[in-house]
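In: Take a look and give me a structure for this.
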Amino acid sequence: MAKKRRINQKTTVRKAAKKKSTTPKKPALTSSAKKSSNASQKASAKNPATKKGTRIMSSGRNGGGLEAEIKRIDKEILKLINKRAQLTERLYSKRPDKNSSSYDPHADDSMLNELGQANPGPLPDETVRSIFRDIMSFAKSTVKLTRVAYLGPKYSFTHFAALERFGKSADLIPVSTIASVFEEVNRGHVDFGLVPIENSTDGRIVDTLDMFTRLPLRICGEVLVSIHHNLMSRCPRSEITEIYSKPQALSQCRDWLARNMPDARLIEVTSTSAAAQLARDKPGAAAVASRQAAVEYDLQIVAEKIEDNKHNVTRFAVIGDHLQEPTGSDRTALLLQIPHEPGSLSDALNIFKTNKLNLTWIESFPLRGEEQGYLFFLDFEGHENDPKVRKTLDQLKKGAVRLEILGTYPRSETLN
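Out: Numbers count the residues shown, from 1 in each chain. Take a look at the predicted model:
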């Protein structure tokens, strides 16, 4: 047994010696290296980010250099946009007419269009437009706060149009009816109002045109918005039993809904925003509304862009008492009543042809009461101070029972 124990001890010693010989010997540290090593150990003890198990972002390899560059650019952007706001504020404050500072749609649109043309990307033009529009809106609000009544509630298409024209720094006031918008402007409670006036699918907005016959307000601008409707809900499409929206939105998606949601009940409500709220709160409910409404009410878009007319555009009118100077690309709106007799409408329209004015829109309304006849709403290209426009108006007055200029305003491009 003693002999066997001695053999095992020798074997253990040989194994230990072999293991020791295969382990590489660490080189001796110089005095400077020792100092560096000690400093690194102290720094590691102070900084928890260098402890074991914590990832350290390498400046050169894992994006730390990019982060530093982004931070540097962020500081430059902040400095420049604040300087832009200050210079814009100074520009507006030097104008003698504060109203022209707060509302100059032609100048605003021209500047935003130029920025869109100069935009190299990859940011889309809509994003660039939004950034600079809000800078201008802030600068204007420091000179004169603009109050605007619009057909609410928030996150409706009219709200979107109001943001496009006046920006987030304006005092945007939602009201429940088109008539209320007109009344707020007429009483001087707000500077401007914003209402829909026509849609490329459904045509005229009757309530808006009716209010122009009742109150002496002018159109001083327009906003053209591409209308994209979306079906949104908190449940899958197969579980949707009711679809809510305002009558115009349901009408503009009539064919799509009939083909794709034939078993769902369509229910009219006062606004697309109210519809989105119902879709959020009611099981089995969906709404037809804007993408922004889906974001605000935490809804999933079940189907996007369901409007029947893919070029569905709503024109919104800015109403107030602000007279716009000629821009070279203007539109004039008229309210016209002519004698109720054969040929009177033909004679009136022939005046536009003779004076080479492009008539862009005409709508008729029957007169109220017992009187027979019609009121006509007309839009045509040109400013009311243009010589041939003045000549046209003078000729129309000779045969008109009633003629009112509803406004002259710069034309706008359609916004997506």
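In: what residues are up against the residue nearest the centre of the chain?
Out: With distances taken as C-alpha atoms, centre = their mean, the residue of the chain nearest its centroid is residue 160 (5.0 Å). Contact analysis of residue 160 by C-beta atoms under 8 Å, 6 or more residues apart in numbering lists 225, 290, 292. For glycine as for every other residue, the C-beta is placed from the backbone atoms N, C-alpha and C.
In: my guess is residue 360 is in a strand, correct?
Out: Yes - using DSSP: H, G, I helix; E, B strand; the rest coil, the assignment for residue 360 is a strand.
In: Tell me where the stretch 301-416 of the chain has strands.
Out: 313-320, 330-337, 359-366, 374-381, 402-410, 414-415 (DSSP state E, counting those that start in this stretch).
In: Please name the nearest non-neighbouring residue to residue 397.
Out: Nearest non-adjacent residue to residue 397, counting by C-beta to C-beta, 6 or more residues apart in numbering: residue 403, 5.5 Å away.
In: Just confirm the one you found contacts residue 348, I think it does.
Out: No - counting by C-beta atoms under 8 Å, residue 403 does not reach residue 348; the two are 9.8 Å apart.
In: any common contacting residues for the two?
Out: Joint contacts of residue 403 and residue 348 (C-beta under 8 Å, 6+ apart) are 336, 396.
In: Quick check: longest helix in this structure by residues?
Out: helix 64-93 (DSSP state H).
In: So residue 403 and residue 348 - more neighbours on which side?
Out: Set residue 403 next to residue 348 and count neighbours by other C-beta atoms under 10 Å: residue 348 wins out with 20 against 16.
In: where does the residue lying closest to that one once chain neighbours are set aside fall, phi/psi-wise?
Out: Once flanking residues are discounted, residue 348 sits nearest to residue 338: 5.5 Å by C-beta to C-beta, 6+ apart. With angles defined as degrees, to the nearest 10, residue 338 sits at phi -120, psi 160.
In: Can you tell me how far the nearest residue to residue 103 once chain neighbours are set aside is from residue 407?
Out: Excluding the flanking residues, the one nearest residue 103 by C-beta to C-beta, 6+ apart is residue 322, at 5.8 Å. From residue 322 across to residue 407, the span is 9 Å (C-beta to C-beta, to the nearest Å).
In: Which one of these two is surrounded by more residues?
Out: residue 407 (26 against 20).
In: Would you enumerate the residues in contact with the closest residue to the more buried one other than its chain neighbours?
Out: Setting aside the residues directly before and after it, residue 407 is nearest to residue 219 in space (C-beta to C-beta, 6+ apart), at 3.2 Å. Residues near residue 219 by C-beta under 8 Å, 6+ apart: 197, 317, 318, 319, 333, 406, 407, 409.
In: give me the element residue 219 is part of.
Out: Using DSSP states H and E, residue 219 maps to strand 218-226.
In: returning to what we had before: and which of the contacts of residue 160 is nearest to residue 237?
Out: Residue 237 lies nearest to residue 290 out of the contacts of residue 160, by C-beta to C-beta, at 18.8 Å.
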